[in-house]
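Undergrad: Dropping the sequence and predicted coords here.
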Amino acid sequence: KGPDNGFDVGSRVKVKIVKNKCAPPFQSAEFDILFNEGISHIGSLIDIGVEKGIIDKKGTWFSYQNTRLGQGREAAREELKANPKLAQEIESTIHAKLAQGVLPKAPLGAKEEALSAE
């Protein structure tokens, strides 16, 4: 729901790829689709940041290092949208963490896979 008018502004969707020739089938993903923006890149940053321990979530509050992002996921998304430098810093931290060799967990409970550096 939009903060001003109460109308729906997007959907949280869960998709499952059944057939795929380029990667293992039956993988799933969950992300936000905002009606005026498309797939929410910032929402995905928040999800992966929380999953990897880069963004702290205590109750409904989200914070990055000593910076409070907001109370609730939508408030945190708006804060990162208003502060692109902070969003870029979080994205760089996520990329660095993923480059260490651990992929994000699949939402349906698939095991974490280590990237082989060989």
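TA: Here it is on my side, so go on. Note that this is a predicted model, so its numbers are computed, not measured. Numbering: from 1, shown residues only.

Undergrad: can we go C-alpha only for contacts and neighbour counts from here?
TA: Noted.

Undergrad: So what does the residue nearest to A87 when sequence neighbours are not counted look like in phi/psi?
TA: Sequence neighbours aside, L80 is the residue nearest to A87 in space, at 5.3 Å (criterion: CA to CA, 6 or more residues apart in numbering). Backbone torsions for L80, taken as degrees, to the nearest 10, come to phi -70, psi -30.

Undergrad: what do you get for F31?
TA: Torsion angles, degrees, to the nearest 10, at F31: phi -160, psi 170.

Undergrad: That one: what's it in contact with?
TA: R12, V13, K14, I39, S40, G43, S44 (CA atoms under 8 Å, 6 or more residues apart in numbering).

Undergrad: List the ones among those residues that fall in strands.
TA: Among the contacts of F31, the members found in strands (DSSP state E) are R12, V13, K14, I39.

Undergrad: if we can go back for a sec, so which of the contacts of F31 is the most crowded?
TA: G43 (21 neighbours; other CA atoms under 10 Å).

Undergrad: What separation is there between that residue and Q100?
TA: Counting by CA to CA, to the nearest Å, the gap between G43 and Q100 amounts to 23 Å.

Undergrad: same deal with S28?
TA: Separation of S28 from Q100 (CA to CA): 23 Å.

Undergrad: cool, and K14?
TA: K14 sits 27 Å away from Q100 when distances are taken as CA to CA.

Undergrad: can you give me the offset of stretch 30-49 from its chain's centre?
TA: Averaging C-alpha positions (CA atoms, centre = their mean, to the nearest Å) puts stretch 30-49 7 Å from its chain's average.

Undergrad: do the same with stretch 44-59
TA: Centre to centre, stretch against its chain (CA atoms, centre = their mean), the figure for stretch 44-59 is 7 Å.

Undergrad: now do stretch 87-94
TA: For stretch 87-94, the distance to the chain centre is 11 Å (CA atoms, centre = their mean).
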